[in-house]
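Chemist: Here you go, sequence then predicted model.
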Amino acid sequence: MSIVKSLITSLVITGVCLADSASAGVVSEIRGGVAAHSIDINGGDPSPENGVNLSGEVLFKSPKIFRYLLSPRPYVHGSLNLEGDTSFYGGGLAWEHHVFHDRIVGEFDFGIDRHDGILDLPPVGDPLRETIRTERVLLGSRYLFRVGVGVGVKLDKHWRAQVFYEHLSNGDILGSSNRNQGLDNVGVRLGYRFGD
């Protein structure tokens, strides 16, 4: 099953389950957003991938046992690139900190994602080798670490707006390839938080 089919299936299942989960107190927040895909934050060579990603995320209430980890919220998310470049989905933990009378919220996320991008170049002589080298990011592993930070504002009791940055790479830890190019995405998202 392609990553696009997996994302659509996951979103449909999540949508069907949200009403019951939210009323049962399991879901903490749902979010949707857009991001600039694979931007150049280092001032080096521009990334060969580009376009816009649409993202969706479900955050769950922090289990009591997580209080020893400063009460992060588990999350699942997906990000679909509209240009046909790398899309990804995964899960992890999100920590948040409130400042300025709880109006401003800072966030740090860490997780593992699976993607549909390119791992390495085809063998020498393959006619697609040069196209892939110039048009795609070589990620080296099917699974990547995802690190994210965000700063948001509470719009009212339930709604929040956030600017976020996410970085995905294998960190030279995941996979057996010597490739470790990464993706850096910057975007905005809107979230609805359940409960008070």
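Modeler: In hand now; what should we look at?
Chemist: show me what contacts the residue nearest to residue 160 when sequence neighbours are not counted?
Modeler: Closest residue to residue 160 apart from its sequence neighbours, by Cβ to Cβ, 6 or more residues apart in numbering: residue 191 at 4.5 Å. Bear in mind the C-beta positions are built from the backbone N, C-alpha and C, glycine included. The neighbours of residue 191, taking Cβ atoms under 8 Å, 6 or more residues apart in numbering as the test, are 29-31, 57, 152, 159-162.
Chemist: Residue 191: what secondary structure?
Modeler: strand (DSSP: H, G, I helix; E, B strand; the rest coil).
Chemist: what's across from it in the sheet?
Modeler: As for beta bridges, residue 191 partners with residue 31, residue 160 under DSSP bridges.
Chemist: What does the pLDDT read for it?
Modeler: We have a pLDDT of 97 for residue 191.
Chemist: Now do the closest residue to residue 76 other than its chain neighbours, the pLDDT please.
Modeler: Nearest non-adjacent residue to residue 76, counting by Cβ to Cβ, 6+ apart: residue 91, 4.4 Å away. pLDDT recorded at residue 91 is 97.
Chemist: ok now do residue 91, which residues does it touch?
Modeler: Contacts of residue 91 by Cβ under 8 Å, 6+ apart are 74-77, 111-112.
Chemist: Check for me that residue 65 belongs to a helix.
Modeler: Yes - according to three-state DSSP, residue 65 belongs to a helix.
Chemist: Contact partners for it?
Modeler: Per Cβ under 8 Å, 6+ apart, neighbours of residue 65: none.
Chemist: Could I get the full set of strands for the protein?
Modeler: 27-36, 52-60, 73-81, 88-99, 104-115, 143-154, 159-169, 183-193 (DSSP state E).
Chemist: Turn those strands into a markdown table, columns for distance to residue 135.
Modeler: Converted to a markdown table, the strands of the chain look like this (distance: least, Cβ to Cβ, whole Å):
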| stretch | distance to residue 135 |
| --- | --- |
| strand 27-36 | 17 |
| strand 52-60 | 17 |
| strand 73-81 | 13 |
| strand 88-99 | 18 |
| strand 104-115 | 16 |
| strand 143-154 | 19 |
| strand 159-169 | 18 |
| strand 183-193 | 14 |
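Chemist: For this protein, give me the ranges with low pLDDT.
Modeler: The model of the chain has pLDDT under 70 over residues 1-24, 43-45, 196.
Chemist: got a list of what the residue located most distally from the centre of the chain touches?
Modeler: Going by Cα atoms, centre = their mean, the residue of the chain most distant from its centre is residue 125, 35.0 Å out. Under the criterion of Cβ under 8 Å, 6+ apart, the contact list for residue 125 is empty.
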